[in-house]
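> this one's sequence-less:
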Ligand SMILES: C[S@@+](CC[C@H](N)C(=O)[O-])C[C@H]1O[C@@H](n2cnc3c(N)ncnc32)[C@H](O)[C@@H]1O
């Protein structure tokens, strides 16, 4: 006899079989950075979200731009007319400012002409009082020769790198130069600002034609991940959630799957989904996606609402809730 599996009334609450994370090789790599915490793997989900926006948004604001893959993808694929990229770190900022100022060809040539040795990099990055475009070049050198692409203080040169090639293992001059050359096609549609991303969210929050992709350093609840990766990691997470609540257009936010984050999302009435990704050590883990309405993600088999936990009256035991997916009886 054929066996039938009972369907859940609330499929979004089921902890479905873990799906495969996105294969980043299938996403065009357009950023000149190899960015720690970069969101190349999130591009397909981002596309699904922004294509579901009606009417089509005019501007995408990315208040924590980093390597900027989401903003530049949105422009290359004409998903929005303009982007506002915000990044507080002066090294990263020098790169985006140089792109906007029309120095992409200069940077491409500088990269192609550079004979990379450890000594040459040390000599180059120890120069002070350089122009913004020279600073941008220094940033790319550090990003490509430091362990994990990490620019935060305490970072050091790649020791073994890929195939034991040491600091040369992430230096692909032709590829990086080509990425800069391509950026000139979208540069006039980028507004870049080196400032606090929270202030810029506030500034654009009342516009219906603006959407936000928000990828802050993962430091809520004192978590260490973001502290090691970025020079600027201290942000007021609670204020960020409050600002998101005031946004008239839509926003999509990514975070680590931390209890403090889920508590803030619930408090502000947002929806959450978990999405699989591969970390730098190729281990599969899940990140949180937070937004006003994530029903467009329901077709993702991968995604499920994190199980809620709440306390009951003090004279009763604490009861973690689990949704019935035909496997567990709900406890009452
Ligand atoms: C998780 S990373 C963003 C990665 C980016 N989504 C990508 O794909 O490359 C967070 C970034 O926020 C920046 N940042 C930290 N505090 C900031 C602030 N108050 N305003 C703007 N940027 C900030 C950090 O320097 C870091 O580059």
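On my side now, so go ahead. Remember, it's a predicted structure, so these values are computed and weren't measured experimentally. Residues are numbered from 1 along each chain as shown.

> hey, let's count contacts and neighbours off CA atoms from now on
Will do.

> List the buried residues for stretch 78-90?
79, 80, 82, 83, 84, 85, 86, 87, 88, 89, 90 (16 or more other C-alpha atoms under 10 Å).

> Under the pLDDT cut-off, which ranges of this structure? List them.
1-20, 161-163, 299-332 (pLDDT under 70).

> Mind splitting it into its structural domains?
1-16+304-332, 21-294 (automatic domain parsing).

> looking at the ones you listed, which is closest to the ligand?
Among these, domain 21-294 comes nearest to the ligand, with 3.4 Å by C-alpha to the nearest ligand atom.

> ok, back up a step: contacts with the ligand among the buried residues of stretch 78-90, please.
Subset of those in contact with the ligand: 86, 87, 88, 89, counting by C-alpha under 6 Å from any ligand atom.

> my read: the second one touches residue 93, true?
Yes: checked against C-alpha atoms under 8 Å, the pair residue 87 and residue 93 is within contact range at 5.9 Å.

> can you list residues touching both of those two?
Here residue 87 and residue 93 share the contacting residues 193, 194, scored by C-alpha atoms under 8 Å, 6 or more residues apart in numbering.

> Which parts of this structure are helices?
Ranges of helices in the chain, per DSSP state H, are 43-51, 69-76, 90-100, 104-113, 118-125, 132-145, 173-183, 197-204, 225-229, 237-246, 259-267.

> and the fourth one, what does it pack onto?
When contacts are defined as 3 or more C-alpha pairs under 8 Å, 6 or more residues apart in numbering; DSSP states H and E, helix 104-113 sits against helix 132-145, helix 173-183.

> For stretch 194-211, buried residues please.
Quick answer for stretch 194-211 (16+ other C-alpha under 10 Å): 194, 195, 197, 198, 200, 201, 204, 205, 209, 210, 211.

> I meant stretch 284-296, not that one.
In stretch 284-296, counting by 16+ other C-alpha under 10 Å, buried: 286, 287, 288, 289, 290, 291, 292.

> Adding distance to the ligand, write the residues you listed out as JSON lines.
Listed next are the buried residues of stretch 284-296 as JSON lines, based on distance: C-alpha to the nearest ligand atom, whole Å:
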{"residue": "286", "distance to the ligand": "15"}
{"residue": "287", "distance to the ligand": "12"}
{"residue": "288", "distance to the ligand": "13"}
{"residue": "289", "distance to the ligand": "13"}
{"residue": "290", "distance to the ligand": "14"}
{"residue": "291", "distance to the ligand": "16"}
{"residue": "292", "distance to the ligand": "19"}
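
> can you tell me which of those residues are in strands?
Of those, the ones assigned to strands by DSSP state E are 286, 287, 288, 289, 290, 291.

> Residue 111 reaches residue 172, doesn't it?
No: Residue 111 lies out of contact with residue 172 (C-alpha under 8 Å); the separation is 9.3 Å.

> who's more crowded, those two?
residue 111 (23 against 12; other C-alpha atoms under 10 Å).

> quick one: contacts for the more buried one?
Applying C-alpha under 8 Å, 6+ apart, the residues contacting residue 111 are 137, 173, 176, 177.

> Can you lay out those as CSV showing distance to residue 187 and neighbour count?
Converted to CSV, those look like this (distance: C-alpha to C-alpha, whole Å; neighbours: other C-alpha atoms under 10 Å):
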residue, distance to residue 187, neighbour count
137, 17, 23
173, 21, 18
176, 16, 22
177, 15, 21
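
> of all these, which comes closest to residue 156?
Comparing the contacts of residue 111 against residue 156 with C-alpha to C-alpha places residue 137 closest, at 17.4 Å.

> got the contact list for that closest one?
95, 107, 110, 111.

> By neighbour count, which of those residues wins?
residue 95 (27 neighbours).

> From residue 187, how far out is that one?
12 Å (C-alpha to C-alpha, to the nearest Å).

> Repeat that for residue 233.
For residue 233, the distance to residue 187 - C-alpha to C-alpha - is 27 Å.

> And those two? Which one has more around it.
Using other C-alpha under 10 Å as the criterion, residue 233 and residue 187 rank with residue 187 on top: 23 against 19.

> Look up the closest residue to that one, ignoring the ones flanking it.
Distance criterion C-alpha to C-alpha, 6 or more residues apart in numbering; nearest residue to residue 187, sequence neighbours excluded, is residue 100 at 5.2 Å.

> so how many other residues sit close to the one you found?
19.

> Test my guess that it contacts residue 188.
Yes: the pair residue 100 and residue 188 passes the contact test of C-alpha under 8 Å, sitting 6.6 Å apart.

> Near the ligand, which residues of the stretch 151-300 of the chain are found?
Going by C-alpha under 6 Å from any ligand atom, the residues of the stretch 151-300 of the chain near the ligand are 195, 196, 197, 215, 216, 217, 230, 232, 233, 235.

> and if we set it to 5 Å?
196, 197, 216, 217, 232, 233 (C-alpha under 5 Å from any ligand atom).
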